[in-house]
Every structure is written in C-alpha cells, then in structure tokens.
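Q: The sequence and its predicted three-dimensional model are supplied below.
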Amino acid sequence: MLAEYIKQLCEENHLDLTLLKTKEDRIQALQMLSNLRDAGLNLNNSSREKPVETFNVNLKGFHVVTSDDNVECYLSTFERLCIKHNIPEANWTIILESFLTGKAQRAYFPLTENEKEDYQLAKESVLCAYQLTPSTYREKFRNASKNLSETFRQFSSRLFLYLRRWLNL
C-alpha cells in the first residue's frame with residue numbers, strides 16, 4: 001500500500017528514486033513530495049482549463065493587524081513568512097486580505113479586483129492609509145533631532161531607517 005503510494009507520487013512528479021544516491025536523499029525527496037501534496041497544490045493539466053492552485057497556509061505566529069501594530073513591520077513580517085513558506089507573490093494579497101482589519105482593511109477594500117491582485121499596490125495603499133509614504137519619511141528625516149534619552153548610535157540608526165524608507169518606498 002505504501003509502496004504504491006510512493007510510486008504514484010513519483011510518477012505524478014516525474015521523479016526517479018533510483019537516481020538518488022543515498023537513503024537520506026530518497027527520504028528527503030519523498031518528504032518533499034508528501035509536503036507538496038499536503039500543501040494542497042492542485043495543478044490541473046487540462047489544456048482547456050487554467051491551472052488551479054490551492055494553498056493550505058498556516059502562518060504560525062501571525063495574527064490580524066491591530067491598532068497597536070506598526071503596520072510597516074507587520075507587512076515586512078508577512079512578506080518574510082510568505083517567502084519562508086514558498087508562497088508565490090501572486091497569492092500574497094489573497095492571504096493578506098484575511099488578516100487585515102480596521103484602517104488597513106478600509107484602505108484595501110476600495111481597490112479594484114485587478115489592483116487587489118498586485119501585492120505591491122495593495123501594500124502601498126495600506127501604507128498610505130497610515131501616512132507611511134516617501135514624503136512622510138523625508139519629513140521625518142529632515143526634522144529629526146536626538147531625544148534626550150537616546151544615544152547617538154540609536155539616533156543615527158533612526159536617521160538611517162528614515163533615509164532607507166524614504167528612498168525605498
């Protein structure tokens with residue numbers, strides 16, 4: 001029964017286990033095949049229909065955005081988790097939408113369906129709602145001054161952060 005399942009997985013994914021040299025390589029390949037199946041990747045090979053992908057995503061430790069969250073850090077964490085879980089960027093907005101609440105959700109909602117498919121555009125829309133734009137960081141950079149409780153190293157790090165976000169947003 002198990003041997004038949006392994007054979008079926010190998011045939012579906014065009015994998016020849018005899019080419020893998022060590023037992024560890026074979027085990028790793030089988031685990032990868034099993035993980036692909038468990039992740040719910042369902043590709044329809046019909047020439048008439050577009051391939052359909054479904055994802056069973058479990059972003060452990062990730063939560064809905066709250067008013068206490070730094071939305072920029074939140075989105076950065078979301079991106080890192082998507083990359084870690086090998087989720088194609090084309091699917092990020094679909095997943096992100098379920099985590100948005102409040103102001104972030106209100107910024108995302110008015111986008112058209114085509115705009116919602118573009119993660120960078122959706123991210124920009126959410127950041128604008130929180131007034132996190134290049135011009136905001138330019139102003140923060142130009143008007144920054146050292147706080148009394150801040151060391152010079154902390155102040156320079158903060159300035160560098162403002163500059164980096166000004167140039168990269």
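A: Arrived safely.
Q: For the closest residue in space to residue 158 that isn't next to it in sequence, give me the pLDDT.
A: Distances taken as C-beta to C-beta, 6 or more residues apart in numbering put residue 144 closest to residue 158, at 6.7 Å, once the chain neighbours are dropped. For glycine as for every other residue, the C-beta is placed from the backbone atoms N, C-alpha and C. On pLDDT, residue 144 comes in at 95.
Q: Phi first, then psi, for residue 144.
A: Here is the backbone geometry of residue 144 (degrees, to the nearest 10): phi -70, psi 140.
Q: quick one, what contacts it?
A: Residues near residue 144 by C-beta atoms under 8 Å, 6 or more residues apart in numbering: 155, 158, 159, 162.
Q: try 7 Å
A: Contact analysis of residue 144 by C-beta atoms under 7 Å, 6 or more residues apart in numbering lists 158, 159, 162.
Q: so the last one makes contact with residue 136?
A: No: if you go by C-beta atoms under 7 Å, residue 162 and residue 136 don't touch, sitting 9.3 Å apart.
Q: quick revisit: show me the contacts of residue 144 that map onto helices.
A: Judged by DSSP state H, the subset of the contacts of residue 144 located in helices is 158, 159, 162.
Q: Run a quick neighbour tally on the second one.
A: Counted by other C-beta atoms under 10 Å, the residues lying close to residue 159 total 14.
Q: just the first one next, same as before
A: Counted with other C-beta under 10 Å, the burial measure for residue 158 works out to 16 neighbours.
Q: Then residue 168?
A: Residues near residue 168, counting by other C-beta under 10 Å: 8.
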